[in-house]
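In: Just a sequence and a predicted model for now, questions to come.
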Amino acid sequence: MRQDKSQYQFKVNLWTGILNGKVIGPFELQGNLDGNSYLNFLQNDLQELLNDVPLSDLQNMWFQNDGCPAHYARPVREYLNQEYPGRWIGRLGPILWPPRSPDLNPLDFFYWGCLKNRVYSKPIVTLDELRRNITQAADYINSKRYARQIKRSFLRRCRACINAGGKQFEHLL
């Protein structure tokens with residue numbers, strides 16, 4: 001018998017962002033995620049997470065969603081169109097998110113894997129322990145300034161995607 005880490009007893013929904021070489025969050029989204037709860041996060045909690053970001057950075061910031069159904073609910077898209085006009089990427093957004101392309105999402109190709117490796121390095125017994133491990137892992141990733149490395153890697157991936165004509169390129173890196 002071999003212990004596998006494919007199923008966990010506890011789960012949490014997290015939002016995380018990367019801005020100017022710094023990880024923002026993670027922020028726990030309570031309960032089941034739907035369009036209304038995600039919109040509430042965007043309107044209230046995200047603004048708090050971005051309090052220390054200079055206004056000039058906020059005005060030039062791009063917002064990227066993945067294909068999660070809550071991320072492209074009509075009220076969410078309307079809000080993003082208002083707050084980030086022409087500067088957000090996602091399903092049904094002004095810049096369409098290419099389907100099945102985690103290799104172009106810095107959080108997918110690096111952050112979540114690194115975070116999970118640290119969080120689940122030993123078995124977790126309680127939900128509070130899971131939350132504590134997530135906080136510690138996120139603090140570690142931030143302290144090592146991995147987000148700056150992620151930014152460089154993302155640019156390299158974008159160039160590889162362009163050179164491959166938008167086709168698969170992961171094997172070329």
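Out: All right, it came through fine.

In: Between its first and last residues, how far does stretch 121-128 reach?
Out: 16 Å (C-alpha to C-alpha, to the nearest Å).

In: Could you give me the buried positions within it?
Out: residue 124 (16 or more other C-beta atoms under 10 Å). Every C-beta, even on glycine, is put in place using the N, C-alpha and C of the backbone.

In: Please state the offset of it from the chain centre?
Out: Chain-centre distance of stretch 121-128: 22 Å, with C-alpha atoms, centre = their mean, to the nearest Å.

In: neighbouring contacts of that stretch?
Out: Here stretch 121-128 makes contact (C-beta atoms under 8 Å, 6 or more residues apart in numbering) with 8, 9, 10, 12, 130, 133.

In: Report the buried members of the residues you listed.
Out: Buried among these (16+ other C-beta under 10 Å): 130, 133.

In: Going by distance to residue 41, which of the contacts of stretch 121-128 wins?
Out: residue 12 (13.7 Å; C-beta to C-beta).

In: May I have the residues that are in contact with the closest one?
Out: 28, 127, 130, 131, 134.

In: So which of those residues belong to strands?
Out: Residues of the contacts of residue 12 located in strands (DSSP state E): residue 28.

In: which one of the contacts of residue 12 sits closest to residue 67?
Out: For those, the nearest to residue 67 is residue 28 (20.8 Å; C-beta to C-beta).

In: That's all I had, so thanks and see you.
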